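Colleague: here's a sequence, model it:
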Amino acid sequence: MARYKINIEYDGTNLVGWQKQKNGISIQEIIENSLYKLTSEKIKIQGAGRTDSNVHALNQVAHFDLKKKIKTDSIRDGLNFHIKNLYKRYKVSILKCKKVKKKFNARFDAKERTYLYKILDRRSPPTIQNKRVWHVKKKLDDKLMKKVAKVLVGKHDFTSFRSTECQSKSPIKTINSIKIFRKSSEIEIWIKAKSFLHNQCRIIAGTLMMVGKGKWKKEDVENALKAKKRGAAGQTAPAWGLFLYSVKY
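Modeller: Okay, the predicted model is just below:
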């Protein structure tokens, strides 16, 4: 029995998220079924993060154990072949496959996760970027967003910035950094932390959007943190603007 690590890119549109669900197709299900086609082994994979429905990934990480001896390149290529044949409607690609130590765990060994949230702030709707950005018709003040984002960096009680359905035992999390860049009509919000609460990145994006519109000030975000109530922070930004960018080990 050997353990393998895979890097995965996927478009989350029309998928129910990473984790297996009864109400639709998940990324986990697509890969596990493709592994079975490739190896004839029933294999359960463990992902680094449970991305929600319609959330994308540029470099998700997962691990699994395999009895059969297969070259890593053959696992990558074989998985991509079966994914394409079994699930033509969905866009999931295995980027890399590497043999790792038996103790490696894609979820618990992760030291830092980087998420990217994209906002398109122009009057005209997106075409090529449709379902890849949050379309906001009003031009946002990205410089003010950048200044106010510093309030959320560090160790805090993020009760106001997590879903009411979040199952994490503690609302205490440490945000390592939040960086904001403008590229023409697109604003990128880069958020780094060891781990996140459910919907935390999307609520941060929704809150900073309010700042960018001029409806919230620094004090409003500080008060939202102190309130420790979900209703105190901004809206949950749409899932399709969020990308799991990378996982550091």
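Colleague: got the domain ranges for the protein?
Modeller: As given by automatic domain parsing, the domain ranges for the chain are 2-100, 112-248.
Colleague: mind putting those into a markdown table with mean pLDDT and distance to residue 106?
Modeller: (C-beta placed from N, C-alpha, C; glycine too.) What follows is the domains of the chain, written out as a markdown table (pLDDT from 0 to 100; distance: least, CB to CB, whole Å):
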| stretch | mean pLDDT | distance to residue 106 |
| --- | --- | --- |
| domain 2-100 | 97 | 4 |
| domain 112-248 | 98 | 8 |
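Colleague: turn these into JSON lines, including mean neighbour count.
Modeller: Below are those laid out as JSON lines (neighbours: other CB atoms under 10 Å):
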{"stretch": "domain 2-100", "mean neighbour count": "17"}
{"stretch": "domain 112-248", "mean neighbour count": "18"}
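Colleague: determine the longest helix present in this protein.
Modeller: helix 72-86 (DSSP state H).
Colleague: in the sheet, who's paired with residue 247?
Modeller: residue 113 (DSSP bridges).
Colleague: thought it was touching residue 63?
Modeller: No - under the criterion of CB atoms under 8 Å, residue 247 makes no contact with residue 63, lying 11.4 Å away.
Colleague: identify the contacts common to these two.
Modeller: Jointly contacting residue 247 and residue 63 under the rule CB atoms under 8 Å, 6 or more residues apart in numbering are residue 106.
Colleague: nearest residue to residue 64 other than its sequence neighbours?
Modeller: The shortest distance from residue 64 to any non-neighbouring residue, by CB to CB, 6 or more residues apart in numbering, is to residue 45 (4.4 Å).
Colleague: can you pull the contacts of the nearest residue to residue 202 once chain neighbours are set aside?
Modeller: Spatial nearest neighbour of residue 202, excluding adjacent residues (CB to CB, 6+ apart): residue 237 at 4.5 Å. Residues near residue 237 by CB under 8 Å, 6+ apart: 117, 119, 134, 202-203, 205-206, 209.
Colleague: just how off-centre is the longest helix of the chain within its chain?
Modeller: Here the centre of helix 72-86 is set off from its chain's centre by 23 Å, with CA atoms, centre = their mean, to the nearest Å.
Colleague: which other residues reach that helix?
Modeller: So helix 72-86 is in contact with 4, 6, 30-31, 33-35, 37-38, 66, 70, 90, 92-99, going by CB under 8 Å, 6+ apart.
Colleague: 7 Å instead?
Modeller: 4, 30-31, 33-35, 37-38, 92-94, 96-99 (CB atoms under 7 Å, 6 or more residues apart in numbering).
Colleague: can I assume residue 65 sits in a strand?
Modeller: Yes - counting by DSSP: H, G, I helix; E, B strand; the rest coil, residue 65 is found in a strand.
Colleague: surely the residue nearest to residue 64 is in contact with residue 62?
Modeller: Yes - counting by CB atoms under 7 Å, residue 45 does reach residue 62; the two are 4.7 Å apart.
Colleague: hang on, the earlier thing: could you point out which element follows the longest helix of the chain?
Modeller: Going down the chain from helix 72-86, the next helix or strand is strand 92-100, by DSSP states H and E.
Colleague: sheet partners, orientation included, of that following strand?
Modeller: Sheet pairing of strand 92-100 (DSSP bridges) gives strand 2-10 (antiparallel).
Colleague: the partner strand to helix 72-86, inter-axis angle?
Modeller: On the basis of axes from the mean of the first three to the mean of the last three CA atoms, to 10 degrees, strand 2-10 is oriented at 50 degrees to helix 72-86.
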